[in-house]
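> Using only what follows, build the 3D model:
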Amino acid sequence: MFGRSSKPIKVQVFGKTDLGKTRDHNEDCFLVADLTRGERSLPPTVREHEIGERGALLVVADGMGGAAAGELASQMATDTIFDQMEKMWGTEKELTPQRFAYRLKEAVEVANGQIHAHAKAHPEVRGMGTTTTAAGVLVDHVYITQVGDSRAYLIRNGVAVQLTKDQSLMQRLVEAGELTEEEAAHSERRNIILQALGPDPKVKVDLTHQEIRRGDVLVLCSDGLSGQVKKEEIAEVVSRASDLAQACDRLIALANERGGPDNITVIMARFDGDGLRPAEAREEVGHQIYPLIDTETSTEPVPVYKGSPPPVPAKQARWRLILAALLAVAIVAGVLYWMNRGQ
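Numbering: from 1, shown residues only. Below is the predicted model of the structure:
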């Protein structure tokens, strides 16, 4: 296999989902799978295993749509992504990072198409959708596909860094300088997302990557956790817990203590083994786009999301208004000048 170390890379994994305090049913879903063995869920062989030549898969999906529609969408997303990876990556002869990342992105796109087609054929669940954060681990890298506002964090040396960007209205306002992250976290509009799997026939899948180091902990969660518990608190809980199961329990308890307004789902994976290098200072950690080469583009290209343009900051808008007014005055003056010359 391309770039595969002869030394072992080990992973410990645990995941849990909770109803929360206000919802009457759970629309979240998660998946943990060893793609080399073709095993999913959390049997002992998956909870702690050596990363094989075809890697591992972690998925969190937060469904929406009311009644049973949200539950169905999130379940379809996790099942389809796993099945597609089994079918396409499981038979792939070229075991390279490019092919792995491509197959992961492709699996998310296929899941979107299947959810959309099902909703179109069944009016009772029309409009259903789900966020999806899917992480594929291959050798010493994690590749992450993002649709919606579930999140992935990497905890290294006790510090948590967000690897994903929310596809949400609040994220756009923060990037435009209209809101601070703190203001966005408390806004009444913080749950408005710009896209999800299902509502539209095509989605723009954000594909990123991160190199893994010995001792790193990857955390995937729905906004039922990230909306109530800060990343600094997540890092502290993980650092203090005796094991991942205890850390998951403590984080869910924290979210519920703060009202538990939504379903809460979290997956944690801790990486170890001689096949990983130790973490070093100044290494880049964060949202890093993974560029697929031209030959790896999907058979059905996904158009770039064309939602509303980012809002213009107030100061910039004022300058634009002033410039427009000055331009209008200049045009009027020019017209009057030529009219006077003609008389």
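> Looking at G224 now. What's its pLDDT?
Note on G224: pLDDT of 97.
> ok, now how distant is it from G20?
Remark: distance between G224 and G20 (C-beta to C-beta, to the nearest Å) = 6 Å. To be clear about C-beta, it is placed using only N, CA and C from the backbone, and glycine gets the same treatment.
> same thing with K105?
K105 is 31 Å from G20, by C-beta to C-beta.
> what helix or strand is the residue lying closest to L292 once chain neighbours are set aside on?
Nearest residue to L292 in three dimensions, chain neighbours excluded: Y102, at 5.8 Å (C-beta to C-beta, 6 or more residues apart in numbering). In the assignment (DSSP states H and E), Y102 maps to helix 97-121.
> how big is the angle separating the next helix or strand after that helix from helix 97-121?
For helix 97-121, the succeeding helix or strand toward the C-terminus, using DSSP H and E, is strand 129-138. Calculated by axes from the mean of the first three to the mean of the last three C-alpha atoms, to 10 degrees, strand 129-138 forms an angle of 160 degrees with helix 97-121.
> Off-centre distance for strand 129-138?
Distance of strand 129-138 from its chain centroid, counting by C-alpha atoms, centre = their mean, to the nearest Å, is 6 Å.
> Start the count at 635 instead of 1 going forward.
Got it, the first residue is 635 from now on, which makes the last one we talked about strand 763-772.
> tell me the mean pLDDT for that strand?
For strand 763-772, mean pLDDT rounds to 98.
> and V694, what does it touch?
By C-beta atoms under 8 Å, 6 or more residues apart in numbering, the contact set of V694 is 662-664, 765-767, 784, 854-856, 899-901.
> Now it: which helix or strand?
Going by DSSP H and E, V694 is in strand 690-698.
> can you give me the angle the helix or strand following that strand makes with strand 763-772?
Remark: after strand 690-698, the chain's next helix or strand is helix 703-718, criterion DSSP H and E. On the basis of the same axes, to 10 degrees, helix 703-718 is oriented at 30 degrees to strand 763-772.
> Can you verify my assumption that Y924 contacts A735?
Yes - between Y924 and A735 a contact is recorded at 5.5 Å, counting by C-beta atoms under 8 Å.
> okay, the two: which has more neighbours?
Taking other C-beta atoms under 10 Å, Y924 and A735 do not tie; A735 has more neighbours (23 against 19).
> Roughly how far does the more buried one sit from I846?
For A735, the distance to I846 - C-beta to C-beta - is 15 Å.
> Next: H659.
Here the criterion is C-beta to C-beta. By it, H659 lies 35 Å from I846.
> The two - which one has more neighbours?
The neighbour comparison of H659 against I846 (other C-beta under 10 Å) goes to I846, with 24 against 10.
> which residues touch that one?
Going by C-beta under 8 Å, 6+ apart, I846 touches 643, 771, 774-776, 852, 905, 910.
> just the buried members of the residues you listed?
Buried by 16 or more other C-beta atoms under 10 Å: 643, 771, 774-776, 852, 905, 910, out of the contacts of I846.
> Looking at those, which are in strands?
Of these, the ones assigned to strands by DSSP state E are 771, 775-776, 852, 905.
> Pick the one among these closest to A702.
L852 (30.4 Å; C-beta to C-beta).
> bridging residues for the nearest residue to the closest one once chain neighbours are set aside?
Using C-beta to C-beta, 6+ apart and skipping the chain neighbours, the partner closest in space to L852 is A903 (4.5 Å). Beta bridges link A903 to V647, L852 when assigned by DSSP bridges.
> ok so, going back, need the residues touching each of Y924 and A735.
In contact with both Y924 and A735: 777, 841, 843, using C-beta under 8 Å, 6+ apart.
> By neighbours, which of those wins?
Counting neighbours by other C-beta under 10 Å, Y777 leads these with 22 neighbours.
> R733 is in contact with that one, correct?
No - counting by C-beta under 8 Å, Y777 stays clear of R733, with 10.9 Å between them.
> Spatially nearest residue to V759 (excluding sequence neighbours)?
The shortest distance from V759 to any non-neighbouring residue, by C-beta to C-beta, 6+ apart, is to A703 (4.1 Å).
> whoops, I mixed them up, T656
Once flanking residues are discounted, T656 sits nearest to P895: 5.2 Å by C-beta to C-beta, 6+ apart.
> if I look at that neighbour, how far off is L888?
Taking C-beta to C-beta as the measure, P895 falls 13 Å from L888.
> same question, V759
According to C-beta to C-beta, V759 and L888 sit 33 Å apart.
> Neighbour count: the two, which is higher?
Comparing V759 with L888 by other C-beta under 10 Å, the one with more neighbours is V759, at 21 against 18.
> Contact partners for the more buried one?
Applying C-beta under 8 Å, 6+ apart to V759 gives the contacts 699, 701-703, 706-707, 752-753.
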